[in-house]
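J.: sequence plus the predicted model coming up.
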Amino acid sequence: MANGFGEQVVAGYEDCPSWAPFLGFFGAAACGILANFGAAWGTWKSGLGLCKMGVGHPGGVIKNLVAIIMAGVLGIYGLIVAIIIAGRVTQPDNAAGINTYSQYNGWAHIGAGLTCGLSCLAAGATIGMIGETGVLATGLRAQGNHARMFRSIPSSGDGEDGGA
């Protein structure tokens, strides 16, 4: 098969070196580590806001668990993608001693792992910050509604105040 320059392109050792599977496993590891770090970060920040809000309005704790659950799901996404990437890394053919996992696949798997991992890291940070702020705002609103509900109503002038 010619490449346009009159030379024949042959897949061989240069395309599938022995170190290429490292790239794929590195991509899987990066995906799992970064995604779970993002999930932990989001859970921590949202949980911190939930604890702050729970001090003043304990009845709203269960209602505001959504951000913590969303942050936890990020770790599951990272785990699923890491398993898919690691499952696509092929072992060398022992009978012939030839590696069939190419550099192209390795670099593609690093790209996929870093993309998923860094996306989950950024999403975890965002969920944490927005979750903390949103939970605190919900607690403040609930406290304001509670205070308004138990406010005393001024008298309507029925003559008990001395009648000027």
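T.: Great, that's in hand.
J.: what is the helix or strand of the chain at the bottom of the mean pLDDT ranking packed up against?
T.: None of the helices or strands of the chain scores lower by mean pLDDT, DSSP states H and E than helix 103-149, at a mean of 86. In this structure, helix 103-149 packs against helix 20-56, helix 66-88, with contacts taken as 3 or more Cβ pairs under 8 Å, 6 or more residues apart in numbering; DSSP states H and E. C-beta coordinates here come from the backbone N, C-alpha and C atoms, glycine included.
J.: name the stretch among the ones you listed that sits most buried.
T.: helix 20-56 (a mean of 21; mean count of other Cβ atoms under 10 Å).
J.: what's the mean pLDDT across it?
T.: Mean per-residue pLDDT for helix 20-56: 93.
J.: quick one: pLDDT of the nearest residue to residue 43 once chain neighbours are set aside?
T.: Counting by Cβ to Cβ, 6 or more residues apart in numbering, residue 71 is the residue found nearest to residue 43 once chain neighbours are left out, at 4.5 Å. The model reports residue 71 with a pLDDT of 93.
J.: how near is residue 71 to residue 130?
T.: For residue 71, the distance to residue 130 equals 10 Å [Cβ to Cβ, to the nearest Å].
J.: and for residue 122?
T.: Applying Cβ to Cβ, the value for residue 122 to residue 130 is 12 Å.
J.: what's the answer for residue 89, then?
T.: From residue 89 to residue 130 the distance is 36 Å (Cβ to Cβ).
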